[in-house]
Each structure stands twice: as C-alpha cells, then as structure tokens.
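**Q** using only what follows, build the 3D model:
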Amino acid sequence: MTAQHPPAPDDDDRSGRTPTYPPPQSPGLSAVLERNIQALQSRRKREEVEATFETRIAEAITRFTGSMRFVYLHLALFGVWIIANLGWIPGIPTWDPSFVILAMMASVEAIFLSTFVLISQNRMAEVSDKRADLDLQISLLAEHEVTRLVTLVSSIADHLGVKSEVDAELDVIRQDVAPDAVLDEIEASKTRDKP
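**A** Residues are numbered from 1 along each chain as shown. Just a heads-up that it's a prediction; the model follows:
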C-alpha cells in the first residue's frame, strides 16, 4: 500500500493564495491530543470570560506595565520632567526643582503597580492550584490503572506458569497508593531532616 500524497497545487495556488487542499496533520498529534488541546483552550477562554471586571483591569494593567512600552513611556516622561526642572529647556519654568513631586508620584505609582501585580499573581496561583489538583487526579488515576494492569498481567503470568525477577515486588506494586499517607510521610521526613 503506497502513501497517498495530496494533489500538487495548480498554477493559481503558486500566486500567493492558499492551497486548495488542507495542510497535512502535524506528526505526533493524535485526535485525542488535539481534542485535549482544544478543551484546554476553551477552558482558558471560559475562565477569562468568567473573571471579574476588576481582575481583568488588574491583569491588563499588569500586562502593560510589564512591557517595554511602559519603560519607554517612563523614560520619556521622567526624562522631560527632570530636564525641564533642571532648567535646561529655555522658556519653561521649573515647577519641581527638588523633585519632591516626582518622587511622590513614583512612590504612589509603585504602590498601585505592586498591588496590581499581586492581584494577577493571586489569580495565577489559583489557576496553578487547579492545574496541580488536575495533575494529581490524573496521576492517581494512572497509578490506579497501572496497578490494575499489573494485577491482571500477574494473574495471566500465574495462569501460564511464567516466573520473573520482579515476582517478589508484585505484592507491593499491586497496592494502590494512598496520597494522604504519602504526604504525611513527606512532611514527617522534612521535620526529621530539620536541624
């Protein structure tokens, strides 16, 4: 069976218009993976829509203040302010020769910007916690399924009389992991390791 190739585009397609056949599917992207990607994208869009008005404003401000446009704007404003108040621009009287007003404005701006950044970080932490919970649930489900598969394969091996080097470990592998017990042990080991 030979691989089928899409028909070659005609001369009209070489003129810059899109080809008449769809591009090939990316290698390694199964239908399930594409479905998962679309589900995650739609979930993100839904979370953005469900965000409060204040949160959206805080995130927009944080995005702008984290950009080079914000830096250039401040360089221009502060540069003109400083040059004008040093008296280097003829015809413009100085209004803040000691730069007290500029320092006060910069301090107030820093207070508000740090608050906006904290709001955005809190939202990102909430999203990160949700993803961590999802990762944990998927990991526990995968562990449970692997445990069941080990039990099934072990039963088949017993039925066929097949022995392997890992037979001694099978009793441990067949047990489901209790996440709360693992967390308790991790916390206990951290406490023991502290000086």
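
**Q** the helix or strand that S189 is a member of packs against which elements?
**A** Element membership of S189 [criterion: DSSP states H and E] is helix 179-193. Packed against helix 179-193, as judged by 3 or more CB pairs under 8 Å, 6 or more residues apart in numbering; DSSP states H and E, are no other helices or strands. (C-beta placed from N, C-alpha, C; glycine too.)

**Q** centroid-nearest residue for this structure?
**A** By CA atoms, centre = their mean, the chain has its centre lying nearest to S128, at 7.5 Å.

**Q** what's around I61, how many residues?
**A** Using other CB atoms under 10 Å, I61 is surrounded by 18 other residues.

**Q** can you pull the buried residues of the helix or strand bottoming out on mean pLDDT in the chain?
**A** Here the helix or strand of the chain ranked lowest by mean pLDDT, DSSP states H and E is helix 170-173, holding a mean of 74. Using 16 or more other CB atoms under 10 Å as the test for burial, helix 170-173 gives L170.

**Q** try stretch 51-66
**A** Buried-residue list, stretch 51-66, by 16+ other CB under 10 Å: A58, E59, I61, T62, T65.

**Q** mark which of those are part of helices, please.
**A** Secondary structure from DSSP state H places A58, E59, I61, T62, T65 of those in helices.
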